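[1] Just need the structure, nothing else, for what follows:
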Amino acid sequence: MFARYKSSYQILSMFKLLRFTLPLILAVFILPACTKKQYPTPVDTTTGSSSSDIGDSIIPAGDGTGWGTELGLEGRDPGAGIDAGAGTYNGRQMVKGVLQPIYFGFDSSSISTSERSKLQNAANHLMENPSDGLLMEGHCDWYGTEDYNLALGDRRANSARDYLTTLGIGIDRIDTLSKGSLEATAGLSKSESGQDRRVELIILK
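    Residues are numbered from 1 along each chain as shown. Reported below is the predicted structural model:
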């Protein structure tokens, strides 16, 4: 009977010991995994996108962040093809003010419903004047970096061009150009700078 009591005592002692040592053993293996440093997802410098599908978390959006950046745009001339003195683009006469500009939301390149009638007017003009072309000049407000805004101006001009092609205008009649924030007014609030978030529709004769 004494031997049985001694054996039960030993088993109980072992369980108590395991109760205290098991959490310590687990902590040794689990804690290093939890504290492992997580590095940013690398960015593909050829496309400006990350190697995982996390969108704009590496390159933040914005003609509004103040620190966003777009890769691969260094050294681009936002006035390429324009002869301001002669008022020409690639040798064709530019006629401004006939067609109304297309305005965009903050950090957006989507064509809003209220702006689509302006593109319909542009399509009507080009159908009635088959020798005319159209320059779509993308602009941004002063928020964000120069490179990011050049890219955003491109997206806005291309969005307007793509919409115009759905109205039956050949893509060969449309040129796009981004001026980014080159002509933006600095210091305005986001609501005041709405006039800078636009695509100018310039007729080419």
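[2] the strands in this structure, which residues?
    Assigned by DSSP state E, the chain shows strands spanning 43-44, 49-50, 82-83, 88-89, 92-95, 102-103, 133-139, 174-180, 198-204.
[3] Single out the most deeply packed of the ones you listed.
    Highest mean neighbour count among the strands of the chain (mean count of other CB atoms under 10 Å): strand 133-139, with a mean of 24. For every residue, glycine as well, the C-beta is placed using N, CA and C.
[4] Show me what that strand is packed up against.
    helix 116-128, helix 146-166, strand 174-180, strand 198-204 (3 or more CB pairs under 8 Å, 6 or more residues apart in numbering; DSSP states H and E).
[5] Try it again at 7 Å.
    helix 146-166, strand 174-180, strand 198-204 (3 or more CB pairs under 7 Å, 6 or more residues apart in numbering; DSSP states H and E).
[6] Looking at the strands of the chain, spot the one closest to Leu126.
    The closest of these to Leu126 is strand 133-139. By CB to CB, the value is 6.3 Å.
[7] Other residues contacting the closest one?
    If you take CB atoms under 7 Å, 6 or more residues apart in numbering as the criterion, strand 133-139 is touched by 89, 92, 94, 122, 126, 153-154, 156-157, 160-161, 173-179, 183, 196-204.
[8] what about 8 Å?
    For strand 133-139, contacts defined as CB atoms under 8 Å, 6 or more residues apart in numbering pick out 89, 92, 94, 99, 122, 126, 152-158, 160-161, 164, 169, 173-184, 196-204.
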